[in-house]
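>>> How does the following fold in three dimensions:
(2 chains)
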Amino acid sequence: GQQLNQSPQSMFIQEGEDVSMNCTSSSIFNTWLWYKQDPGEGPVLLIALYKAGELTSNGRLTAQFGTTRKDSFLNISASIPSDVGIYFCAGFPSGTYKYIFGTGTRLKVLA
Amino acid sequence: DTEVTQTPKHLVMGMTNKKSLKCEQHMGHRAMYWYKQKAKKPPELMFVYSYEKLSINESVPSRFSPECPNSSLLNLHLHALQPEDSALYLCASSQGNINSGNTIYFGEGSWLTVV
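Now for the predicted structure:
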């Protein structure tokens, strides 16, 4: 099925570093969701975005709904070992009934 | 803790078995979903129920049969599955209007292995 372009695919960072990832598409989206998934578990909602330009924080996480409505960004500040996992974006295109998921960003944190 | 609970957590079944996955949500949502997720891939939509009626079937083989007994329960009946059906099956829920981009909340998933 259709997927969003999510980058980077994976990243290794040192504990304490900041992390940035993004999702882009040629389609316009009405909603963006960001999830974290640990191995063997279901995706856990981190941040939901509903308006173009919206900037929302959840602790050390900050996400933005791109002004063109075609992209979204997630930043993690001062990473810690428990940030390890796979991060997925999901966008809801205009005039549709289902979310399109990004391919995921695998984050590994080196202590 | 998630308010979408799934059972069982793990299931191993033979290709001739009949089994069911169960999901319950306590969020007052009126839309419920089944997704399938293979390793290192994003979730793929299978079925959507809105107000207890099947709204979307993403061309899923008939060996998967969903059921929504009431607004908080969702089942997935499994019969004559193939080894390639082994995956993590995720239940999710949201507000009832599935065309509005409402936030989707996932359960912890049921790991299915078909032998």
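>>> contacts and neighbour counts: CA atoms only from here.
Will do.
>>> May I see the buried residues of stretch A:40-55?
Under the neighbour-count criterion of 16 or more other Cα atoms under 10 Å in any protein chain shown, stretch A:40-55 has A:41-52, A:55 buried.
>>> and those residues near chain B, which?
A:41-45, A:48 (Cα under 8 Å from any Cα of the partner chain).
>>> Between the residues you listed, which sits nearest chain B?
The closest of these to chain B turns out to be A:Gly42 (Cα to the nearest Cα; 4.1 Å).
>>> can you give me the strands for chain A?
A:5-7, A:10-14, A:19-24, A:29-37, A:44-49, A:55-58, A:61-65, A:71-76, A:85-93, A:100-101, A:105-110 (DSSP state E).
>>> Put together JSON lines for the ones next to chain B among the buried residues of stretch A:40-55, with pLDDT on each row.
Converted to JSON lines, those look like this (pLDDT from 0 to 100):
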{"residue": "A:Glu41", "pLDDT": "93"}
{"residue": "A:Gly42", "pLDDT": "96"}
{"residue": "A:Pro43", "pLDDT": "98"}
{"residue": "A:Val44", "pLDDT": "97"}
{"residue": "A:Leu45", "pLDDT": "98"}
{"residue": "A:Ala48", "pLDDT": "97"}
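>>> Looking at the buried residues of stretch A:40-55, which two lie furthest apart in space?
A:Glu41 and A:Ala52 (30.4 Å; Cα to Cα).
>>> Okay, and the beta partners of residue 65?
The chain I'm using is chain A. In this entry, A:Phe65 is beta-bridged to A:Ser72, by DSSP bridges.
>>> other chain: chain B
Under the criterion used (DSSP bridges), B:Ser65 bridges to B:His77.
>>> now the strands of chain A in a markdown table, with distance to B:Gln37?
As requested, the strands of chain A are exported to a markdown table (distance: least, Cα to Cα, whole Å):
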| stretch | distance to B:Gln37 |
| --- | --- |
| strand A:5-7 | 17 |
| strand A:10-14 | 19 |
| strand A:19-24 | 20 |
| strand A:29-37 | 12 |
| strand A:44-49 | 14 |
| strand A:55-58 | 26 |
| strand A:61-65 | 25 |
| strand A:71-76 | 23 |
| strand A:85-93 | 13 |
| strand A:100-101 | 11 |
| strand A:105-110 | 16 |
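>>> most packed of these?
Stretch with highest mean neighbour count among these: strand A:85-93 (a mean of 25; mean count of other Cα atoms under 10 Å in any protein chain shown).
>>> What strands flank that strand, and is each parallel or antiparallel?
Assessed with DSSP bridges, strand A:85-93 is paired to strand A:29-37 (antiparallel), strand A:100-101 (antiparallel), strand A:105-110 (antiparallel).
>>> any chance of these in CSV, plus distance to B:Phe64 and mean pLDDT?
Below are those laid out as CSV (distance: least, Cα to Cα, whole Å; pLDDT from 0 to 100):
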stretch, distance to B:Phe64, mean pLDDT
strand A:29-37, 25, 97
strand A:100-101, 22, 96
strand A:105-110, 30, 94
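>>> Could you list the low-pLDDT ranges of chain A?
A:1-3 (pLDDT under 70).
>>> Could you do chain B as well?
In chain B the weaker segments, taking pLDDT under 70 as the threshold, are B:1-2.
>>> how about the residues of it that lie near chain A?
Counting by Cα under 8 Å from any Cα, chain B sits next to chain A at B:41-45, B:88, B:90, B:98-103, B:105-109, B:111.
>>> could you redo the last one with a cut-off of 6 Å?
Within chain B, the residues that sit near chain A (Cα under 6 Å from any Cα of the partner chain) are B:42, B:98-99, B:101, B:107-109.
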